[in-house]
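Novice: Sequence plus the predicted model coming up.
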Amino acid sequence: MSVAFRLIPLLLPLLFLSTCSSEKSGALEEHVSHGDQYLAAGDALQAIASYRMAFYQDSLNADVLGRLAKMSLIS
């Protein structure tokens, strides 16, 4: 069996994980964007909900944490 065929089972999970992380990043950006729109419209509760959804996508994202902290000071 050639080396290429031996590597396929090792590389397939990496391909799957890279796809999942890009989808996760897109969802995070979408939630942050919605939160910003709600905040601009004056709907603080919806903004907080959107930022929390972004937080669930990536709890270590400094941008999301900053927005949630700002909202805790506002409300």
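Specialist: Nice, I can see it. Residues are numbered from 1 along each chain as shown.

Novice: The protein: strands as residue ranges?
Specialist: Read by DSSP state E, the chain holds no strands at all.

Novice: low-scoring pLDDT stretches of it, where are they?
Specialist: 1-24, 75 (pLDDT under 70).

Novice: Ile74: neighbour count?
Specialist: 10 (other Cβ atoms under 10 Å). C-betas here are computed from N, CA, C, even on glycine.

Novice: Next one: the closest residue to it other than its chain neighbours relative to Ser72, how far apart?
Specialist: Leaving aside its sequence neighbours, Ile74 sits nearest to Ala44 (Cβ to Cβ, 6 or more residues apart in numbering; 6.2 Å). Ala44 sits at a distance of 11 Å from Ser72 (criterion: Cβ to Cβ, to the nearest Å).

Novice: Quickly list what's touching both of these two.
Specialist: Common contacts of Ala44 and Ser72 (Cβ atoms under 8 Å, 6 or more residues apart in numbering): none found.

Novice: Neighbour count: these two, which is higher?
Specialist: Ala44 (14 against 9).

Novice: Let me know whether that one touches Met71 as I believe.
Specialist: Yes - with contact defined as Cβ atoms under 8 Å, Ala44 and Met71 form a contacting pair (6.6 Å).
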